[in-house]
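**Student:** Here's my sequence, what's the structure:
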Amino acid sequence: MNVTSKGQVTIPIEMRERLGILPNTRVEFRLRGQEIVLRKVESDRRRGREIVGRLRGRGSSKLSTDEILRLTRGD
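**Tutor:** Numbering: from 1, shown residues only. Just a heads-up that it's a prediction; the model follows:
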């Protein structure tokens, strides 16, 4: 396996499947002596909840939910 000029390598499919590494999966690299260790980073689901929490109650529309749905559906 070769490293590209951008420092990229391809993780073999067998390893990606075994670890559940999909596109946009976060990974980290660590040095262990003369080795580089790649590790899948477990997702932080709290971040999404924090974002939703900050946005909750920020709508300024006087429309009802039904009116908003009619507008978005083009009824």
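
**Student:** element containing the spatially most central residue of the chain?
**Tutor:** Nearest to the mean C-alpha position of the chain, counting by Cα atoms, centre = their mean, stands N24 at 5.5 Å. Using DSSP states H and E, N24 sits within no helix or strand.

**Student:** quick one: it from L55, how far?
**Tutor:** From N24 across to L55, the span is 22 Å (Cβ to Cβ, to the nearest Å). (Glycine included, C-beta is placed from N, CA and C.)

**Student:** Angles on the backbone of the residue nearest to the centre of the chain, please.
**Tutor:** As for N24, its main-chain torsions (degrees, to the nearest 10) stand at phi 70, psi 10.

**Student:** again with R30
**Tutor:** The phi and psi torsions at R30 (degrees, to the nearest 10) take the values phi -130, psi 150.

**Student:** tell me the SS of the residue lying closest to it once chain neighbours are set aside?
**Tutor:** With sequence-adjacent residues excluded and distances taken as Cβ to Cβ, 6 or more residues apart in numbering, R30 is closest to V37, at 4.7 Å. Classification of V37 using DSSP: H, G, I helix; E, B strand; the rest coil returns strand.
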